[in-house]
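> everything below, folded, please.
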Amino acid sequence: MTPSWYGESVGHYEGGETLVVDTVGLSTKTYVDNYRTPHTGQLHVIERFKMSPDRKTMEDFVTVDDPGTFTQPWSGIQRFNREVHPLRESACAENNLDFFHYNVVPLPQSDKPDF
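Predicted coordinates:
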């Protein structure tokens, strides 16, 4: 298998409520976490996604196994709050004068269409 940025993932449900996603084949150009922890081509990640009983949060229980980097597998939990507001569509060219608040230079604008 050729390594890729997102790897090769296979998912299935356990017990009808937990989505299990098993991923291998991640490129060594990626990182294990937000701290930019590197890994080898042996990286194996298993994620278990499950909604809370009150349906207000989703829990992602992550297990990371990479014998080339770590002395033993490790696990962590990330929780996501459910967003009740729908995502709004925005056009990339017209509405991103301050895209992600990066203080970018405003996009060129014209008084009349050029087509």
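
> how about low-confidence regions in this protein?
89-109, 114-115 (pLDDT under 70).

> could you pull out the strands for it?
With DSSP state E as the definition, the chain shows strands at residue ranges 8-14, 18-24, 44-51, 57-65, 74-81.

> between those strands, which one is closest to residue 87.
For residue 87, the closest of these is strand 74-81, at 14.3 Å, according to CB to CB. From N, CA and C alone the C-beta is placed, and that goes for glycine too.

> tell me which other helices or strands that closest one touches.
Here strand 74-81 touches strand 57-65, going by 3 or more CB pairs under 8 Å, 6 or more residues apart in numbering; DSSP states H and E.

> partner strands of the strand it packs on, with direction?
Using DSSP bridges, strand 57-65 pairs in its sheet with strand 44-51 (antiparallel), strand 74-81 (antiparallel).

> quick one, which of these is packed in tightest?
The highest average neighbour count among the strands paired with strand 57-65, using mean count of other CB atoms under 10 Å, belongs to strand 44-51 at a mean of 17.

> just the CA coordinates of that strand, formatted as CSV?
Once non-C-alpha atoms are left out, strand 44-51 reads as follows in CSV (Å, rounded to 0.1, in the frame of the first residue of the first chain):
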residue,chain,number,x,y,z
HIS,A,44,-1.8,2.1,13.4
VAL,A,45,-4.6,4.3,14.7
ILE,A,46,-8.0,3.0,16.0
GLU,A,47,-10.7,5.5,16.8
ARG,A,48,-14.0,4.8,18.5
PHE,A,49,-16.7,7.5,18.0
LYS,A,50,-19.8,7.5,20.2
MET,A,51,-22.5,10.0,21.0
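
> now it against strand 8-14, angle please.
Relative orientation of strand 44-51 versus strand 8-14 (axes from the mean of the first three to the mean of the last three CA atoms, to 10 degrees): 40 degrees.

> so what touches strand 44-51?
Strand 44-51 is contacted from outside by 7, 14, 17-24, 26, 57-66, using CB atoms under 8 Å, 6 or more residues apart in numbering.

> buried subset of those?
Among the contacts of strand 44-51, those buried by neighbour count (16 or more other CB atoms under 10 Å) are 7, 20, 23, 24, 26, 61, 62, 64, 65, 66.

> for residue 42, state which of the residues you listed is nearest.
Once CB to CB is applied, the member of the buried ones among the contacts of strand 44-51 that ends up nearest residue 42 is residue 66, at 5.3 Å.
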